[in-house]
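Q: pasted the sequence and its predicted model underneath.
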Amino acid sequence: MSLLSKKALVLLLAVATGLGALNAQAAKAASSNTPTHKVSMLGSKFTFNLPKGFIANPLPASPDGASGTLYSNETTKTVVIAAENTLPNGISVKDNDGGFLDGTVADFDAAQHKSLPDYNKLSEKALTRTNGLGLRQIDGTATQGGGMTLTTTLMAASGTRMAVIQVISRPGDMAAHETLVKQIVSGK
C-alpha cells in the first residue's frame, strides 16, 4: 500500500464514521419544501445537484481536517455522504491521476472486505468528467445498519485535495440509485 493511498484512506475512514449516523439522520422526515442542494467539491471542479427531498447534516470535522455532509432522504431511504480532505505532507496530484486513484480504489476495496464481511464489489469504473477530472466508481452491496444496502462510492482528487461521495440505497431500488449516481457523475 503506497503512502498516498494509506493517507487517502484517512478520508475514506472519515466517510465510514459518518455511516454510524446513518440511522439517526435518515429518520428525519423531509418536507415537500426541502430545497435542492448544490454540492461543490475540489475547488468547484466536482459539482452536482441533489434532487428535492434530501436533508443536509454536516459531519463533524476530523482531527486531520476531513469534512463533509450527510444528505438523507426519508422518502427514498437514500443517503449521500460527500467528504473532502487535504492530502498529507503537501502532496499534490493531477486532476486525472490514474495511479493515485487506482491505488486508492484497491485500498478501499481491501478495507471494505475487512470491515464488512459480506461486502460484494459489483463493478468498478474509471470515468473522466468533461472538465478532465478523473473519477473512480465502485459499486457494491453489503449489510449495513441492519439490512442489505446498495452502495456506490465515487473518488476524485485534484491538487492537494481528495473527495469521496458515497451513495447508499436499498437494493430493491436499483433504477433510482443508478439515476442518482448518473446525476452526480454528470454534474447535473
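A: Okay, I see it.

Q: when you work out contacts or count neighbours from here on, use the C-alpha atoms and nothing else.
A: OK.

Q: helix/strand/coil for the nearest residue in space to Asn57 that is not next to it in sequence?
A: Nearest non-adjacent residue to Asn57, counting by Cα to Cα, 6 or more residues apart in numbering: Leu70, 5.1 Å away. The local conformation at Leu70, judged by DSSP: H, G, I helix; E, B strand; the rest coil, is strand.

Q: would you agree Leu70 is in contact with Thr78?
A: No: in this structure Leu70 lies outside contact range of Thr78 using Cα atoms under 8 Å: 10.5 Å.

Q: quick check: the residue positioned nearest the centre of the chain vs Gly90, distance?
A: Central residue of the chain (Cα atoms, centre = their mean): Ile165, 1.7 Å from the mean position. Distance of Ile165 to Gly90, computed by Cα to Cα, to the nearest Å: 23 Å.

Q: and if you look at Leu101?
A: 17 Å.

Q: cool, Ala176 as well?
A: For Ala176, the distance to Gly90 - Cα to Cα - is 39 Å.

Q: and what of Gly132?
A: In terms of Cα to Cα, Gly132 sits 22 Å off from Gly90.

Q: picking that back up, and Leu101 and Gly90? Which one has more around it.
A: Leu101 (23 against 10; other Cα atoms under 10 Å).

Q: which helices and strands sit right next to the helix or strand harbouring that one?
A: Assigned by DSSP states H and E, Leu101 falls within helix 98-115. When contacts are defined as 3 or more Cα pairs under 8 Å, 6 or more residues apart in numbering; DSSP states H and E, helix 98-115 packs onto helix 3-19, strand 134-144, strand 147-158.

Q: I'd like the next helix or strand past the worst-scoring helix or strand of the chain on mean pLDDT.
A: Using mean pLDDT, DSSP states H and E, the weakest-scoring helix or strand in the chain turns out to be helix 22-26, at a mean of 42. Using DSSP H and E, the helix or strand that follows helix 22-26 in sequence is strand 37-41.

Q: got the angle between that following strand and strand 147-158?
A: Here the directions of strand 37-41 and strand 147-158 differ by 50 degrees (axes from the mean of the first three to the mean of the last three Cα atoms, to 10 degrees).

Q: okay, now the sheet partners of strand 37-41, with direction.
A: strand 46-50 (antiparallel) (DSSP bridges).

Q: buried stuff in the helix or strand that the strand it pairs with is followed by?
A: Going down the chain from strand 46-50, the next helix or strand is strand 55-59, by DSSP H and E. With burial defined by 16 or more other Cα atoms under 10 Å, the residues of strand 55-59 counted as buried are 55-56, 59.

Q: pLDDT on the helix holding Leu101, on average?
A: Helix 98-115 shows a mean pLDDT of 92.
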